[in-house]
Each structure stands twice: as C-alpha cells, then as structure tokens.
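[1] Have a look; sequence and predicted model below, questions after that.
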Amino acid sequence: MKIIYKFFKREIKWYIPIIGMLILVDLSQVVIPLFTKKAVDAITKNNTKLIIQYGLIILAVAAGIILIRYIYNYILRKLVLKLDFELKTSLFKQYVRMPKSYFEKQEIGDLMARVTNDTRAVRMFLIMGFLGGIDIILLGVTTFVMMFIMSAKLAVLVAAPLVLLVPLALNFGHKIHRYFKNVQSIFGEMTVRVREAISGIRVIKAFTRENFYLKLFESENEKYLRENMKLVKLDGFLEPAIDFLIYASLFILILYGGSLVIKNRISLGTLVAFSQYIGTLAWPMMAIGFTISLLQRARASLGRINEVLSAIPEVRDVKPITVGKLKGEIKIKNLTFRYPDANYSILKNITLDINPGELLGITGPTGSGKTTLIELIIRVYNPPEGTIFFSGYDIMKIPLKTLRGNIAYVPQEPFLFSDTIKENLTLGKKNATLNEINEALRIAAIKKTVDSLPNGLETVVGEKGITLSGGERQRIAIARAVLTKRPVMLFDDPLSAVDTDTEKEIIKNLKKYLKENKITAVINSQRISALSVADKVAVISRGRVIENGTPGQLFEEKGYYYHLYRKQILEGMRSDEKE
Ligand SMILES: Nc1ncnc2c1ncn2[C@@H]1O[C@H](COP(=O)(O)OP(=O)(O)OP(=O)(O)O)[C@@H](O)[C@H]1O
Ligand SMILES: [Mg+2]
C-alpha cells in the first residue's frame with residue numbers, strides 16, 4: 001500500500017480538483033430530478049413559459065455534467081495509467097535486479113502475471129473504487145435525503161428493493177473474482193503449454209508426439225472453456241437480476257406513488273422525479289458491492305506486487321569498498337560452496353591461483369562443478385566471504401558493477417537477444433568501432449559467416465530473425481566477450497559445438513589475443529587443443545581439484561588429463577588416417 005500512498009501524496013494536486021469535480025457532478029445529478037419535478041408540475045398547470053425555462057435548465061445542467069465527467073474521466077484515467085506505468089516499471093526494474101537464484105524459485109508465468117493481471121486489478125480498483133467510494137456516500141445519501149424530504153414513506157418503500165443490490169453485487173463480485181482467478185490460472189497453464197510446445201517443436205516432431213501434446217492442450221482448453229462458462233452464466237444472470245430489482249422499485253413507485261398522486265398527497269412532478277431517483281440510487285447500491293470486491297482483489301494484487309518490490313536480492317552490495325584499478329589476478333582459497341537450497345557441497349576446498357596474464361584451463365567430468373566455479377567468480381551466486389579474491393580484494397567486497405565490469409564472460413549456453421548481430425556483439429561495449437568488431441569476429445572465426453548473411457552485421461537473429469546454429473551462437477558469444485577487452489575473461493565450454501578445425505583456429509587466435517592484451521583467462525573445456533595451450537590446468541572431479549599444474553606436468557601424472565589427451569590425440573590421428 002505504501003507505493004500507492006506515496007503516489008497519492010505526490011499527485012495530490014490532481015486529486016483535489018477531481019474530487020471537487022466528482023462532488024459537483026454528483027450534486028448536479030441530484031438536482032436534475034428536482035427540476036424535472038418542477039417542469040412536470042408546470043405541465044399539469046399548463047404553464048408553457050415555466051416548462052421551457054425548466055427544460056433549458058435541465059439541458060444546461062446535463063451539459064455541464066457531461067463536460068465535467070469528461071474532464072474528470074480524462075484526468076483520473078491519466079493518473080491511474082501513470083501509476084500503472086510506474087508499477088510496471090518498478091516490477092521490471094526489480095526483476096532485472098534479482099539474481100539467478102530468485103528466478104529458480106519462481107515461475108515465469110507467475111512473474112509475468114504480476115506485471116499484467118495484478119497491475120490491472122489495482123488499476124480497476126483505482127478507477128472504479130475511487131469513483132464508487134465517493135459516489136456511494138455522496139450520490140446515495142443525497143439522493144435518498146432528497147427523496148425522503150419529498151415523501152418519507154414513499155422513499156423508504158421505493159429504496160427497499162434497491163438495498164438488495166448491495167448483497168447481490170457483493171456476492172457476485174466474490175464469485176466472479178473466484179471464477180476469474182480460476183480462469184486466469186488455467187490460462188497461465190495453457191500459456192506454458194503453448195510456449196513449451198513451440199520451443200520444443202523439434203523434439204515433439206522427432207518423437208511424433210504431436211497428438212499427445214494436442215490432447216494435453218485440448219484438455220486444458222476444455223477446462224478453460226468450462227470455467228469460462230461459469231463466468232458467463234454468472235455474468236448473464238447479473239444484469240437481469242439488477243433490472244429485476246430496479247423494476248420492482250418502479251412497480252412500488254407506480255402502485256403506491258400513483259395512489260398518493262390520486263389522493264393529491266404528492267404532485268405528479270414528485271412521482272416523475274422519484275422515477276429518476278431510482279436510477280441514481282441504483283448505481284451507488286451496486287457500487288458498494290463491487291467496490292468492496294474490487295478492493296479485496298486490489299489488496300491481494302498489491303500484496304503480490306509488494307512481495308516482488310520488497311524482495312532483497314541475495315546477491316547485492318553489502319558494505320562495498322572503493323577499489324582502484326584492478327589487475328587481472330584471481331586467487332581462490334579453500335572455497336567450499338553449496339547451492340542455497342542444497343544439502344551438500346558442490347565445491348569442496350578449492351584452492352587455485354591465477355596470476356595476471358595467465359591462462360587457466362579447467363576440465364573434469366560432467367556435473368563436477370566447473371560451471372559453478374566460474375559463476376561464483378562473477379557472483380551469479382555468492383561465494384562464502386574470504387574465498388575468492390580479485391586483484392587482492394575479496395570479491396564479496398568489490399562493488400558488483402566494478403567486479404562484473406572487469407570480467408568478460410562466455411556462458412556455457414550462449415544467449416543471443418532477438419536483435420541485430422551488431423547489437424548482440426556490442427552488449428558490453430556500446431561504442432565499439434567497426435574495426436574492433438571485425439577484429440573480434442575474426443578472432444572468434446565467425447567473420448566469414450557474418451559477412452555472408454543477408455544484412456551482415458545488421459542481420460536480426462533470434463525469435464524475430466534468423467536462427468543461428470549452436471556453434472555460430474557460441475562464436476558470436478566469444479566475439480562479444482573478446483570485444484570488451486576486459487582484464488579477466490571466463491570461457492565456460494566455449495567450443496563444445498564447433499568442429500575441430502575451427503576450434504584450433506579459435507584457440508590460436510584467442511591465445512594470441514590474450515597474450516597481446518595481457519588478459520587473465522579461465523577456459524573450461526573438454527578439448528585438449530584448448531587445455532594444452534593453457535599455462536596451467538586444473539582437473540575438477542566431484543567438486544575437488546584432483547590435478548593441478550602445467551599441461552606438461554599433468555601429462556606426466558598420467559591421470560585424467562593424460563587419458564583425455566591420449567584419447568583425443570589418438571582419435572585425431574585415426575580420423576586423419578581415414579582422410
Ligand atoms: N542452481 C543450482 N542449484 C542446485 N544445484 C545446482 C545448480 N546448478 C547446478 N547444480 C548442481 O551442481 C552440480 C555441478 O553443476 P555444474 O553445472 O557446475 O557442473 P559442470 O561441471 O559445469 O558440468 P558440465 O560439464 O556438464 O557443464 C550438478 O550436480 C548440478 O546438478
Ligand atoms: Mg558446466
């Protein structure tokens with residue numbers, strides 16, 4: 001609620017005039033039947049002059065109401081949209097602020113719903129609820145008081161059926177809300193199905209599972225239809241029910257009010273005025289019910305929005321220190337790490353030194369913790385304090401921006417945004433020159449491919465453009481990192497999808513590039529061609545460093561590295577023989 005309150009406080013200069021306008025409109029609305037009464041009474045007295053006079057007054061007041069309502073609606077909606085804009089932006093801002101661990105615990109659909117559905121609930125409440133609240137008090141009370149003054153007993157009798165609108169609207173509001181929530185959640189599941197089927201279309205086709213997924217979707221879709229039908233039935237019933245109560249009120253008016261007119265206890269004008277008041281009284285009665293249910297919905301939604309906004313990112317700056325220029329030196333000391341919710345350690349007692357300008361190769365069996373180690377260096381997750389040092393500083397104390405600004409990273413699953421290749425390349429260096437870009441492309445052995453694309457660097461890739469192969473994506477990711485020339489580079493299995501010849505070319509280029517720019521680098525790979533040019537190699541198995549030394553030393557040790565070497569060199573020789 002704080003965010004709404006702050007918004008109200010800041011925009012108070014707008015709320016005061018619109019509240020004023022609302023009061024004016026409501027009061028004018030109560031006044032119109034008064035003049036109707038006078039006009040009708042003038043009709044019964046055959047006074048043409050007065051009829052015209054009252055008619056014009058009604059016209060003028062009505063025109064005034066329409067004009068003010070328009071301005072009022074405009075300002076209110078503008079304000080609400082502005083708040084909506086701010087809520088959505090703060091949610092998004094918070095999402096991009098959150099570390100990876102946050103998204104592992106949340107469903108994407110749910111996070112999306114908070115930006116779309118929940119902000120809509122708040123918006124609806126602010127438009128309807130605001131109007132409703134003031135309308136209820138002002139319009140309802142003044143209308144009833146006017147009726148009461150004109151004829152107390154008739155007022156009570158006529159209002160009686162309309163009072164029933166309150167529980168009716170409340171009850172319906174609740175039910176609609178409940179069904180609506182069901183419909184929304186089923187809709188969420190359907191979205192997931194569609195998304196999954198589209199992104200997994202290759203697998204579905206390969207395993208001829210089209211029908212299976214169709215059935216799955218169909219059953220969800222049926223559920224969606226069923227729940228929606230409940231909503232339709234309810235919605236369809238509501239309007240006639242409201243009409244029924246209004247007509248009941250009208251019926252009492254004609255029966256009892258009519259008899260009062262015949263007995264000359266009230267004038268015909270009063271009767272007509274009453275029939276108009278029934279209309280003005282019905283709205284606030286319904287509004288009470290709807291406003292309450294909208295309020296409950298908005299409160300729940302605001303709660304969900306707040307939950308996101310008040311979440312504190314696990315990975316953040318806590319008492320960061322100011323650091324000068326960092327040199328590319330990384331020291332890892334007795335690092336033991338377990339994932340936030342895991343009950344065993346993934347990394348155990350890791351100690352590694354990477355000196356400035358050095359290239360460290362990391363290898364080891366799958367699932368041994370290599371990616372984890374690399375991700376800890378850029379704090380995708382927090383390592384324990386005092387275990388990883390960058391240029392002598394504990395990375396937990398270096399401002400995150402500084403830390404990451406000094407490291408270029410090629411993730412194991414390279415991700416390209418649906419944008420041009422150029423935009424994707426310059427992600428870490430917006431002002432890169434064409435020469436620099438071309439040089440980076442050359443190092444990553446992808447220049448020829450990019451040149452041959454229809455629009456070269458301006459070719460759009462990803463969802464809205466062409467699909468690059470896995471190996472091409474990897475090389476773009478390498479070029480993107482190379483372009484930044486940051487003092488430290490981390491490559492997580494960057495060559496897994498490229499052929500051996502290209503691999504050799506990239507390794508040769510990279511090695512030269514790293515030495516020339518005195519860049520410290522870690523390369524995680526299963527490829528001997530990458531490991532053998534490293535200054536040092538560490539083999540990680542089950543979270544422990546089991547071999548550590550120069551490639552030559554490891555070869556002598558005849559362990560994991562030696563076997564990897566033998567296997568790949570022998571395989572290479574065999575395939576050469578065949579050619
Ligand atoms: N976010 C996470 N939460 C919990 N456990 C995780 C998480 N990420 C990885 N793990 C687990 O940690 C272990 C090491 O994973 P990691 O990705 O570091 O292995 P790896 O050595 O990079 O493997 P590969 O060679 O296949 O890439 C695995 O058993 C994995 O299931
Ligand atoms: Mg990995």
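    Arrived safely. Numbering: from 1, shown residues only. Ligands and ions are numbered 1, 2, ... in the order given.
[2] which intervals of this structure have sub-threshold pLDDT?
    Along the chain, segments meeting pLDDT under 70 span 1, 130-132, 574-579.
[3] just the strands in it please.
    Secondary structure of the chain (DSSP state E): strands located at 330-337, 347-354, 359-363, 388-390, 393-394, 407-410, 488-492, 520-524, 536-541, 544-549.
[4] and stretch 376-385 with ligand 1, contact?
    No. Shown here: stretch 376-385 not in contact with ligand 1 (Cβ under 6 Å from any ligand atom), separated by at least 7.4 Å. Glycine gets a C-beta too; all of them are placed from N, C-alpha and C.
[5] so how far is that stretch from its chain's centroid?
    With Cα atoms, centre = their mean, to the nearest Å as the basis, stretch 376-385 stands 26 Å off its chain's centre.
[6] gap between the two ends of it?
    End-to-end distance for stretch 376-385: 11 Å, by Cα to Cα, to the nearest Å.
[7] Mind listing what's buried along that stretch?
    The neighbour-count check on stretch 376-385 (16 or more other Cβ atoms under 10 Å) flags L376, I377, I378, R379, V380, Y381, N382, P383 as buried.
[8] burial of F85, as a residue count?
    Neighbours of F85 under the rule other Cβ atoms under 10 Å: 11.
[9] before we move on, back to that, for the buried residues of stretch 376-385, give me a markdown table that also has distance to L352.
    A markdown table is the format used below for these (distance: Cβ to Cβ, whole Å):
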| residue | distance to L352 |
| --- | --- |
| L376 | 12 |
| I377 | 10 |
| I378 | 16 |
| R379 | 17 |
| V380 | 18 |
| Y381 | 18 |
| N382 | 18 |
| P383 | 13 |
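[10] Rebuild the strands of the chain as TSV, extending it with mean neighbour count.
    What follows is the strands of the chain, written out as TSV (neighbours: other Cβ atoms under 10 Å):
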stretch	mean neighbour count
strand 330-337	18
strand 347-354	18
strand 359-363	25
strand 388-390	23
strand 393-394	16
strand 407-410	24
strand 488-492	25
strand 520-524	25
strand 536-541	23
strand 544-549	17
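[11] Output those in TSV, with distance to ligand 1 appended to each entry.
    Below are the strands of the chain laid out as TSV (distance: least, Cβ to the nearest ligand atom, whole Å):
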stretch	distance to ligand 1
strand 330-337	10
strand 347-354	8
strand 359-363	9
strand 388-390	15
strand 393-394	22
strand 407-410	13
strand 488-492	7
strand 520-524	7
strand 536-541	7
strand 544-549	12
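[12] Nearest to Y95, out of the buried residues of stretch 376-385: which one, please.
    V380 (15.8 Å; Cβ to Cβ).
[13] looking at it, that closest one is touching V315, isn't it?
    Yes. If you go by Cβ atoms under 8 Å, V380 and V315 touch, sitting 7.4 Å apart.
[14] can you list residues touching both of these two?
    P99 (Cβ atoms under 8 Å, 6 or more residues apart in numbering).
[15] Quick check, the residue in the stretch 251-400 of the chain closest to ligand 2?
    Closest residue of the stretch 251-400 of the chain to ligand 2, Cβ to the ion: T371 (3.1 Å).
[16] Near that residue, how many other residues are there?
    Each residue near T371 was counted by other Cβ under 10 Å, and the total is 19.
[17] show me the residues around it that make contact.
    Going by Cβ under 8 Å, 6+ apart, T371 touches Q412, D492, D493, N524.
[18] switch the cut-off to 10 Å
    Taking Cβ atoms under 10 Å, 6 or more residues apart in numbering, we find T371 in contact with I346, I362, V380, P411, Q412, E413, D492, D493, N524.
[19] repeat for V488
    Remark: with contacts taken as Cβ under 10 Å, 6+ apart, V488 is in contact with 326-330, 354, 356, 377-378, 390-391, 403, 406-409, 519-522.
[20] Show me what residue of the stretch 51-200 of the chain gets nearest to ligand 2.
    K100 (14.0 Å).
[21] Nearest residue to that residue in space, ignoring adjacent ones along the chain?
    Closest residue to K100 apart from its sequence neighbours, by Cβ to Cβ, 6 or more residues apart in numbering: V380 at 5.2 Å.
[22] pretty sure the one you found contacts L403?
    No. With contacts counted by Cβ atoms under 10 Å, V380 stays clear of L403, the gap being 11.4 Å.
[23] Count the neighbours of F217 for me.
    Residues contacting F217 under the criterion other Cβ under 10 Å number 16.
[24] so how far is I204 from it?
    Separation of F217 from I204 (Cβ to Cβ, to the nearest Å): 11 Å.
[25] shared neighbours of the two, anything?
    By the contact definition Cβ under 10 Å, 6+ apart, F217 and I204 are jointly contacted by E196, A197.
[26] contact partners of stretch 31-40?
    Contacts of stretch 31-40 (Cβ under 10 Å, 6+ apart): 47, 50-62, 65, 142-143, 146-147, 150, 266-280.
[27] coming back round to it: can you pull the contacts of the residue nearest to K100?
    P99, K100, S101, V315, T371, T372, I374, R404, Y409, P411.
[28] ok, now G109?
    S185, F187, G188, E189, M190, T191, V192, R195.
[29] redo that, cut-off 8 Å
    Contacts for G109 (Cβ under 8 Å, 6+ apart) come out as G188, E189, T191, V192.
[30] Disregarding residues adjacent in the polypeptide, which is nearest to the third one?
    In space, and not counting its chain neighbours, T191 is closest to G109: 6.0 Å by Cβ to Cβ, 6+ apart.
[31] got it, and the last one?
    In space, V192 comes closest to G109 once its chain neighbours are excluded; the distance is 5.8 Å by Cβ to Cβ, 6+ apart.
[32] now do M150
    That would be T270: by Cβ to Cβ, 6+ apart, it lies 5.2 Å from M150.
[33] how far away is the residue nearest the centre of the chain from ligand 1?
    Nearest to the mean C-alpha position of the chain, by Cα atoms, centre = their mean, lies M112 at 4.1 Å. M112 sits at a distance of 21 Å from ligand 1 (criterion: Cβ to the nearest ligand atom, to the nearest Å).
[34] what's the spacing between that residue and F337?
    Counting by Cβ to Cβ - M112 and F337 are separated by 31 Å.
[35] Near ligand 1, which residues of the stretch 101-250 of the chain? Just list them.
    Residues of the stretch 101-250 of the chain lying close to ligand 1 (Cβ under 6 Å from any ligand atom) are E104.
[36] cutoff 8 Å now
    Within the stretch 101-250 of the chain, the positions adjacent to ligand 1 are S101, E104 by Cβ under 8 Å from any ligand atom.
[37] before we move on, what about the stretch 451-579 of the chain?
    Within the stretch 451-579 of the chain, the positions adjacent to ligand 1 are D492, D493, N524, Q526, I540, G543 by Cβ under 8 Å from any ligand atom.
[38] coming back round to it: am I right that the residue of the stretch 51-200 of the chain closest to ligand 2 is in contact with R379?
    No. The pair K100 / R379 is not scored as a contact, 10.1 Å apart, by Cβ under 8 Å.
[39] Spatially, which residue comes closest to R209, not counting chain neighbours?
    Among residues not flanking R209 along the chain, V203 sits closest, at 7.7 Å (Cβ to Cβ, 6+ apart).
[40] returning to what we had before: from the contacts of T371, list the ones also adjacent to ligand 2.
    Among the contacts of T371, proximity to ligand 2 is found for Q412 (Cβ under 5 Å from the ion).
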